[in-house]
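# Attaching a predicted model along with its sequence, questions to come.
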Amino acid sequence: MKKVTVNLISESVFTVQGHGVHTAFIEMENLLAKQPSINLLVNQRHARGVDITHFHTFGFFALRRLLSRHVGKKVISAHVVPDSLVGSIAGAKVWIRLFKHYLRWFYNQADLVIAVSPYTKDELIKLGIKSRITVLPNSIDTAQYHNNPGIKERCRRELGLDPKRAIVVGNGQVQPRKRFDSFIRVANQLPEVQFIWIGGIPFKAAGADFAELSRAMRRSPANVLVTDVVPHQQARLYMQASDLMFMPSEQETFGLALIEGAACGMPVIVRDIHDYDATFGDLVIRSDEDHFATTIKRYLTDKQLYADGVKRSHRIAGRYDTTKTERQLLDLYRSLLSDDSKTAGV
C-alpha cells in the first residue's frame, strides 16, 4: 500500500527556537516519523508528489510553499492568534490590524485549520476564518519526561543544582504576557526557594519590552536562575530537576509547557485565566497575584497537598500524551484524502 507523503513546514527549524511552536513542531515530527503509513518530509522546497503539506508557521518560507502548485492538501496548525503577539513582539499594537488581515488570509487558504485548543478555535472564528476548523490539542511524548527521585538527583547533579533545596521552575519566552515580573516578585517573597526560568528572549530586540526585560533578567535576585534559550533536551533536564512548576502567564493559546511540567510529575500552578478552562480545567492549580507565594509555599510544605497536585499532573500527562492524539491526526489526514485512491493504507 502506498504511503502518504506529508511535508511538514516550520520556519523554526532554521530561524528562532526556544518557544512553544517549535516544541509542538518537534513533537509532531517525532510522532509522524514513527508512522509506517507516512512518508515524512520536512521543509522540502521542491518536493513533488506531496499529498499533504502541514504548516506550523506563516512566514515567508511557509507562504511560498502555501502558494506552490505541488502542496497537495493544505493543513495549518494555528498556534498563533492576534492576541498572542501583543505582549510578545515589539510594536505589535501598531501593526496588529495589518497582521490580522494577513493571518486571516493565510488561514483561509487551508483545507483544514487545526486549532490547538477550544479557546483558539473561538478566536479563529472571531478572526473570520472560513476554512474548516477542528480542535486537536498539542501533545508530547510523555515517556521522554519520566521522572523519579533518582532521575531528579542525577539531573540536579548534572546541572550543578543544590540537591536539597526546593526548586520552582517556569518555562517560556521572557516577554510581557508571560509575566516574568510576577515570577521575580514571587521569588523575592520566597528567598529560601530556588527559582529557575527556562528561556530568554529568542527574538532579541524584536521582542516586546526587550531592554526592560533584559535588565530584569540581569538584575534577578540571587535565588533566581534564568537559563536563556537552551536546547530542548536541556530544558527537560531542568524540569526533571524541579519540584513545582509556576507559570504566571496572562494569555496562552494552549500552554504546552504545562504538559511538560506535568509529565515530570510535579504540581503545576498557574494564573487563573479563562484560556485554560477547556484544556486543563481544575487539573492545574489556579491562583492570582496576591496569593502566588502562599500557594507555592503551601504545596511545597504540605505533603498531602503536594501529592494531590502530583495526581492532577499525572492526569494532564495522560490526557495529552501523543498516543492519545496520533490516531486523531491520521484520521484527519485520511478525511482530507478520502476521495483520492492514493490514500489507501493511511
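Okay, I see it. Numbers count the residues shown, from 1 in each chain.
# count of neighbours near the nearest residue to residue 33 once chain neighbours are set aside?
Spatial nearest neighbour of residue 33, excluding adjacent residues (CB to CB, 6 or more residues apart in numbering): residue 40 at 5.4 Å. All C-beta atoms are positioned from the backbone trio N, CA, C, and that covers glycine. Residues within reach of residue 40, counting by other CB atoms under 10 Å, total 20.
# Now the phi/psi pair for residue 40, please.
phi -90, psi 130 (degrees, to the nearest 10).
# One more: residue 162?
Torsion angles, degrees, to the nearest 10, at residue 162: phi -60, psi 120.
# Contact partners for the residue lying closest to it once chain neighbours are set aside?
Excluding the flanking residues, the one nearest residue 162 by CB to CB, 6+ apart is residue 194, at 6.4 Å. The contact partners of residue 194, by CB atoms under 8 Å, 6 or more residues apart in numbering, come to 161, 162, 165, 166, 167, 168, 223, 225.
# I'd like to know how many residues surround the second one.
The burial count assigned to residue 162 is 10, neighbours taken as other CB under 10 Å.
# go on, the fourth one?
Around residue 166 there are 18 other residues, counting by other CB under 10 Å.
# how close does it get to residue 172?
In this view, residue 166 and residue 172 are 21 Å apart by CB to CB, to the nearest Å.
# now swap in the first one and tell me
Spatial separation of residue 161 from residue 172 under the definition CB to CB is 20 Å.
# so which helix or strand takes in the residue lying closest to residue 181 once chain neighbours are set aside?
Spatially, and ignoring its direct neighbours in sequence, residue 181 is nearest to residue 216 (6.8 Å; CB to CB, 6+ apart). Using DSSP states H and E, residue 216 sits in helix 210-218.
# so where's the protein shaky on pLDDT?
1, 16-18, 85-94, 202-209, 339-346 (pLDDT under 70).
# Got the domain ranges for it?
4-139+321-343, 142-319 (automatic domain parsing).
# can you map out the strands along the stretch 51-200 of the chain?
52-55, 73-78, 112-115, 133-135, 167-171, 194-198 (DSSP state E, counting those that start in this stretch).
# Residues in contact with stretch 49-67: which ones?
The contact list for stretch 49-67 (CB under 8 Å, 6+ apart) reads 4-12, 15, 21, 24-25, 28, 41, 43-45, 70-77, 79-80, 102-103, 106, 109-110, 333, 336-337, 340, 342-343.
# cutoff 6 Å now
4-11, 25, 71-77, 106, 109, 333 (CB atoms under 6 Å, 6 or more residues apart in numbering).
# Can you list the buried residues in that stretch?
The neighbour-count check on stretch 49-67 (16 or more other CB atoms under 10 Å) flags 50-58, 61-63, 65-66 as buried.
# Same question for stretch 250-267.
Neighbour-count burial for stretch 250-267 flags 251-267 (criterion: 16+ other CB under 10 Å).
# what do you get for stretch 268-279?
268, 269, 270, 271, 273, 275, 276, 279.
# Repeat that for stretch 27-41.
27, 28, 29, 31, 32, 35, 37, 38, 39, 40, 41.
# quick one on the thing from earlier: identify whichever of the strands of the stretch 51-200 of the chain lies nearest to residue 284.
Among those, the nearest to residue 284 by CB to CB is strand 167-171 (13.7 Å).
# The closest one pairs with which strands, parallel or anti?
Paired with strand 167-171 in the same sheet, following DSSP bridges, are strand 194-198 (parallel), strand 244-247 (parallel).
# Near the residue nearest to residue 181, how many other residues are there?
Residue 216: 17 neighbours (other CB under 10 Å).
# Pretty sure residue 251 sits in a helix.
No. Counting by DSSP: H, G, I helix; E, B strand; the rest coil, residue 251 falls outside a helix, being coil.
# With adjacent residues omitted, what lies nearest to it?
residue 177 (4.8 Å).
# mind checking how far that neighbour is from residue 273?
Going from residue 177 to residue 273 by CB to CB gives 10 Å.
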